[in-house]
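Asks: need coordinates for the below:
(chains A and B)
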Number of protein chains: 2
Amino acid sequence: MMFRDATIEEINAAAEEAWHAFHAYRKLSLKQRAVFIKNIAIEIEALGPALVKTAMKETNLPEARLQGEKTRTIFQLNSYAEACERGDWLEARIDTGAPGRTPPKPDIRKMLVPLGPVVVFGASNFPLAYSTAGGDTACAFAAGCPVIVKAHPAHAETSEMAAGAILKAVEKCNLPKGTFSHIHGRGFEAGKALATHKHVKAVGFTGSYAGGKALFDLANQRKEPIPVFSEMGSVNPVFLLPGKLNESAIDMAKMYSASVTLSVGQFCTNPGLIIGVEGNDLNVFTDRLGEEIKNIAPGIMLHQGIASAFTEKRDTALKQKGVTTVAVSATSASENQGSPTIAAVDAADFLDNPLLHHEVFGPYSLVIRCKDRKQMAEVARQMEGQLTATLMATVKDLHENIELVEAIKNICGRSILNGVPTGVDVCLSMHHGGPFPATTDSRFTSVGPDGIKRFARPVAFQNWPEELLPDELKNSNPLSIWRTVDNELTKNKI
Amino acid sequence: MMFRDATIEEINAAAEEAWHAFHAYRKLSLKQRAVFIKNIAIEIEALGPALVKTAMKETNLPEARLQGEKTRTIFQLNSYAEACERGDWLEARIDTGAPGRTPPKPDIRKMLVPLGPVVVFGASNFPLAYSTAGGDTACAFAAGCPVIVKAHPAHAETSEMAAGAILKAVEKCNLPKGTFSHIHGRGFEAGKALATHKHVKAVGFTGSYAGGKALFDLANQRKEPIPVFSEMGSVNPVFLLPGKLNESAIDMAKMYSASVTLSVGQFCTNPGLIIGVEGNDLNVFTDRLGEEIKNIAPGIMLHQGIASAFTEKRDTALKQKGVTTVAVSATSASENQGSPTIAAVDAADFLDNPLLHHEVFGPYSLVIRCKDRKQMAEVARQMEGQLTATLMATVKDLHENIELVEAIKNICGRSILNGVPTGVDVCLSMHHGGPFPATTDSRFTSVGPDGIKRFARPVAFQNWPEELLPDELKNSNPLSIWRTVDNELTKNKI
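Replies: Here you go, the predicted model:
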């Protein structure tokens, strides 16, 4: 199904409506917001098998994967709703006054309030969980912000269905119409018009570096700059330490052949670089990884553009100085399929060539052979910001490679020990973010309820009487939330 | 005393040293950081009366004011050190694993880690508390970041003394040399070189819109953009509601004549706009405010540039359509003095003229006469982002002006009831920030220990064993800090 691109007039009207709705929506209690978000989950569920079926058709992702993603979407909505209501994220702080102090200490109370209308650009690779009714939208609603979604053109119909579910929840909860809008637009113009509209106060984006950085730049060049959280993917380096490599090269090769090719490599946490010290153990690992990869059939990618970009970027990478092809899937790829591929290169060549540091989105990974541990630490230090970095290591390895271990923490948002970076758990402790260029602001996450904070700012109330304070800050603590009162965290009344 | 401007080579060397020091400094425990910051307070104290004397000479601020600022600086250092050690700001989150879940739930633990070297640009109007050893520096050290201060040329000698105190503390605590550097530079070049250096990872700035916005733009145009928190001042509107105005016009006039002229109006929280509904009560207020202002003598401003900018901007404002001069100090101003001045204008003219919305830094305030409450709410809605907004109102006024009350919360970082915006308490509940153009990121504060979060980002540790986790995240909770464990805030061990 083709959807008509929104006109600039329609985009402006959506932003105006969102601004209008903001003044009502932000006054909703935490409980009311939670009820609304849970109702979206109910409406997503109510779409039945048609949602997954439509997403399958549009994205080429298999049913089980999309079924899992639908479950995740519903889980996210419910768990962010619960976090919203729990209220820890409000960072409520109260300093009671001391009129007798010199100068008198006023009564000050602070909590987070919503920024305003948020524009969400969904991910092509997560048509449900990180798109229309996905994490950014749930976070913005929890924060108290209306949302305008720019539908991803690669799954516009799926997006339309999810939007319908949200609109039903809006209606059911008697919320103003502008609480949620859904905009189609195949070019960059619609996104640009949204990100630069004066009533839009923040942007959430998941996708390519080019798209995320362009939005970041536009937002910063506005008369009133606004925060943009772009999650732009990553190469997710994996460091194989000598002890661990010696212990379990074969097991690791099996584990990583699966991680590299999971969902045709279309995860932003896909392990794109695997780094080890040259020698027999690394050869054993690389050979076995190659063998495994040969046996994994190519898969259809999300859409034609992604498939051709994968082949092009992979082929360019394979042609770089010093790069050799370790293995390609033994099954030849049909149209729009991505062929699992492993390449290898010496660290010296890698360090010299910025192109090899960039993501090849798809089932591809590059093995980097270092001369020694020192060079392995150097590779870590020279790396750009990453969503994740992984150490495959024994405890002895870690103690013997402190320099590397520390360097890794410094480049990533999540540090994994003896696991794979693919698979991002939705929980409060998850950090799905990282230094630029993984994201545009390393201080925030797009997964987990802490993502709500992207769309909220503190306001302090000085000298307000009990009856006029928001419930969150009243002496009686009617919502029973955690608050820091005179520097002590407590749920107590004052 | 004149200090030589740093060369680009010296600036680069400072950034390299800071980067080198970062890798050691960030590993300091919370306690060690706190000890270091408290030692800075001790060394500031040890400078004796010479510090205030030097600051008096450089800034023309009176002794009592600077003595108070010194006390505040020491209080800030000590209280941020305590907050650092208390560790609430780390946002430690732990989700314990559930290997039996499908898919298995990994053990994930998250906390804030430092961004890297921070460059601090101090404020001309706070030579101690918001300059070299001021709030931004204390926050960055607490977060685990080395600091490079670009001395404010208007108080370079005071800055040099504070820098000496910090360097003594660095030495006393055996920290690497690059933990702190101090750079002189009278032009914009030094600031530019620092903000664009690849090893600088964040900027804290307090000062003018022009300076703060230029740094923000430079930082966003870097290959790797970095966060800039610029606090760029504000006009701090004060809304006089009808009931309150009727009750206490005279008292309010006295209160505001003092607030407008405090420290020759040189506070970023100076009330630059006073808004009321036209009529007898507002006339009584305005007349009395004028009478009070006439009796307040001009004061010497911070430096010649600020004094001439004040006179120029004030004179320009007074020439705008519809603006009338209510009163000027009866004492004529000598060189570099600022004359307390009150002007008035009808709301319609104010709404039509963007120039009148901008700050006139100094002892000046503009009374805005609205036709009715509706127009008063419109004035609030049309206002740019503010550090503060104040309501002078009875409880009845507030109930009768919900639209205005809500509009005000939406434009400011701190909402004051029946007080003055000048006077910013240093405590956790303080928010000294606000929507653009008050600051470049409304989600952060530059006063209070929450300011530490500007310079830190989360890192998640997935599947790390107890012995290799940071102390903050160990099962045993050896630091006894607050952590959210499986969604519950607790200090308990796991």
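
Asks: what residues sit buried inside stretch A:242-256?
Replies: For stretch A:242-256, the neighbour count (16 or more other CB atoms under 10 Å in any protein chain shown) marks A:242, A:243, A:244, A:245, A:246, A:247, A:248, A:249, A:252, A:253, A:255, A:256 as buried. Any C-beta I mention is one placed from the backbone N, CA and C, and that applies to glycine too.

Asks: can you add pLDDT and distance to residue B:286 and give the residues you listed back as JSON lines?
Replies: Listed next are the buried residues of stretch A:242-256 as JSON lines, based on pLDDT from 0 to 100; distance: CB to CB, whole Å:
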{"residue": "A:242", "pLDDT": "97", "distance to residue B:286": "79"}
{"residue": "A:243", "pLDDT": "97", "distance to residue B:286": "79"}
{"residue": "A:244", "pLDDT": "98", "distance to residue B:286": "77"}
{"residue": "A:245", "pLDDT": "97", "distance to residue B:286": "80"}
{"residue": "A:246", "pLDDT": "97", "distance to residue B:286": "84"}
{"residue": "A:247", "pLDDT": "96", "distance to residue B:286": "82"}
{"residue": "A:248", "pLDDT": "97", "distance to residue B:286": "81"}
{"residue": "A:249", "pLDDT": "97", "distance to residue B:286": "83"}
{"residue": "A:252", "pLDDT": "97", "distance to residue B:286": "78"}
{"residue": "A:253", "pLDDT": "98", "distance to residue B:286": "81"}
{"residue": "A:255", "pLDDT": "96", "distance to residue B:286": "76"}
{"residue": "A:256", "pLDDT": "97", "distance to residue B:286": "75"}
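
Asks: export those residues to a markdown table and tack on distance to residue A:376?
Replies: Converted to a markdown table, these look like this (distance: CB to CB, whole Å):
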| residue | distance to residue A:376 |
| --- | --- |
| A:242 | 9 |
| A:243 | 13 |
| A:244 | 13 |
| A:245 | 11 |
| A:246 | 15 |
| A:247 | 17 |
| A:248 | 18 |
| A:249 | 16 |
| A:252 | 16 |
| A:253 | 18 |
| A:255 | 20 |
| A:256 | 17 |
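
Asks: can you flag which of the residues you listed belong to helices?
Replies: If you go by DSSP state H, the buried residues of stretch A:242-256 have A:242, A:243, A:244, A:245, A:246, A:247, A:248, A:249, A:252, A:253, A:255, A:256 in helices.

Asks: so stretch A:100-114, near chain B or not?
Replies: Yes - using CB under 8 Å from any CB of the partner chain, stretch A:100-114 reaches chain B at A:103, A:105, A:106, A:108, A:109, A:110, A:113.

Asks: now the helices for the stretch 351-494 of chain A?
Replies: In the stretch 351-494 of chain A, the segments counted as helices under DSSP state H, counting those that start in this stretch are A:373-381, A:395-400, A:402-409.

Asks: worst-scoring helix or strand of chain A, pLDDT-wise?
Replies: Least confident helix or strand, chain A: helix A:402-409 with a mean of 90, by mean pLDDT, DSSP states H and E.

Asks: next, the angle helix A:373-381 makes with it.
Replies: Interaxial angle of helix A:402-409 relative to helix A:373-381 (axes from the mean of the first three to the mean of the last three CA atoms, to 10 degrees): 10 degrees.

Asks: keeping just the C-alphas, turn helix A:402-409 into PDB.
Replies: C-alpha atoms of helix A:402-409 as PDB (Å, rounded to 0.1, in the frame of the first residue of the first chain):
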ATOM      1  CA  ILE A 402      44.000  -3.700  32.500                       C
ATOM      2  CA  GLU A 403      45.000  -1.100  29.800                       C
ATOM      3  CA  LEU A 404      42.700  -2.700  27.200                       C
ATOM      4  CA  VAL A 405      39.800  -3.200  29.700                       C
ATOM      5  CA  GLU A 406      40.000   0.500  30.700                       C
ATOM      6  CA  ALA A 407      40.300   1.700  27.100                       C
ATOM      7  CA  ILE A 408      37.100  -0.300  26.200                       C
ATOM      8  CA  LYS A 409      35.000   1.200  29.000                       C
END
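
Asks: show me the shaky parts of chain A.
Replies: Counting by pLDDT under 70, chain A shows low-confidence ranges at A:1.

Asks: got the domain boundaries for it?
Replies: Domains of chain A are assigned by automatic domain parsing as A:8-232+A:441-458+A:468-473, A:237-417.

Asks: contact residues of the stretch 201-350 of chain A facing chain B?
Replies: A:216, A:217, A:220, A:224, A:225, A:226, A:227.

Asks: isn't there a strand covering residue A:128?
Replies: No - when classified by DSSP: H, G, I helix; E, B strand; the rest coil, residue A:128 is found to be coil rather than part of a strand.

Asks: can you report phi and psi for it?
Replies: With angles defined as degrees, to the nearest 10, residue A:128 sits at phi -110, psi -60.

Asks: neighbours of it, how many?
Replies: 31 (other CB atoms under 10 Å in any protein chain shown).

Asks: for chain A, longest helix please?
Replies: Chain A, longest helix under DSSP H: helix A:63-86.

Asks: what's the nearest residue to residue A:4 if we skip its chain neighbours?
Replies: Nearest non-adjacent residue to residue A:4, counting by CB to CB, 6 or more residues apart in numbering or on different chains: residue A:184, 6.6 Å away.
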